[in-house]
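*Asks:* Predicted model, plus sequence, below.
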Amino acid sequence: MFKTNITPRIGETDALRHITNTALPVWFEYGRNELFKIFNPTNELTYKKWNLILVHMDFNYIRQTYFGYDVEIRTYITKIGKTSFTVMQEAWQNGILRSNGTAVMVYYDFVRQESNVIPEDIRSKLKEHFISLDELEEKNRNEMRNNRKVREFDYVESDL
C-alpha cells in the first residue's frame, strides 16, 4: 500500500462547505505517483518513455470530506493481469473512509500504440502492494470499528 497525505485547498471546497466531488480524481492521481515510478522511475513524460495509460476509473462517495482536515489517500493493487492492473484507492479523513474508487491501468507503448506484457520485475513490485478485495474489506471494517469513538467534525455554520 502507498499512503499519500493531502491538505485540502480552499478552491476544492464547494458551496455546501465540503470538498467538491471534482477534487477526488486529482487526489487519486496524485496518490498513484509512487506507482508511476515503478513503471517509469524518471517520470519522463515522452512517448518513448511513458508506459502507462488509464483506461477506466470510477468513484464511490461514501461520506462528505471537509476542508481544514488532512486526507490520507491509500493506494492498493487489487488485480494484476497480463498487460493491465487494477488500482483501488481510498480517501480517509479523521479515521473514517470518505470515498474509494478503482483505476485500471495498461502497460502501453505509445509509439506503437499497443499494450505490452508487464515485465516480471515490475509485476513483482506490484505484488508488494497487492491486497484482495475481501482482505481490504475486512481490514476496513476492523479499522472503522476501532474508530467508532472518533467524533465527526464540529462544523460551524458561519451564516447563523
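*Replies:* Okay, I see it. On a predicted model such as this, the values are computed, not experimentally measured, just so you know.
*Asks:* got a list of contacts for stretch 34-41?
*Replies:* 2, 4, 43, 49-52, 75, 77, 87, 107, 122, 125-126, 129 (C-beta atoms under 8 Å, 6 or more residues apart in numbering). All C-beta atoms are positioned from the backbone trio N, CA, C, and that covers glycine.
*Asks:* Which of those are buried, as a ChimeraX select command?
*Replies:* Typed into ChimeraX, the next command selects the buried ones out of the contacts of stretch 34-41 (criterion: 16 or more other C-beta atoms under 10 Å):
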select :2,4,50,51,52,75,77,87,107,126,129
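*Asks:* What about the contacts of stretch 34-41, which are in strands?
*Replies:* Mapping the contacts of stretch 34-41 onto strands (DSSP state E) picks out Phe2, Thr4, Leu52, Thr75, Ile77, Val87, Tyr107.
*Asks:* Next, format the residues you listed as a markdown table and append pLDDT and distance to Gly68.
*Replies:* Below are the ones in strands among the contacts of stretch 34-41 laid out as a markdown table (pLDDT from 0 to 100; distance: C-beta to C-beta, whole Å):
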| residue | pLDDT | distance to Gly68 |
| --- | --- | --- |
| Phe2 | 96 | 24 |
| Thr4 | 97 | 19 |
| Leu52 | 96 | 34 |
| Thr75 | 98 | 24 |
| Ile77 | 98 | 31 |
| Val87 | 98 | 28 |
| Tyr107 | 97 | 39 |
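*Asks:* which among those gets closest to Phe67?
*Replies:* Using C-beta to C-beta, Thr4 comes nearest to Phe67 of the ones in strands among the contacts of stretch 34-41, at 18.1 Å.
*Asks:* Bridged to that closest one, which residues?
*Replies:* For Thr4, the beta-bridge partners under DSSP bridges are Ile73.
*Asks:* for it, what are its contacts?
*Replies:* Counting by C-beta under 8 Å, 6+ apart, Thr4 touches Tyr30, Gly31, Asn33, Glu34, Glu72, Ile73, Thr75.
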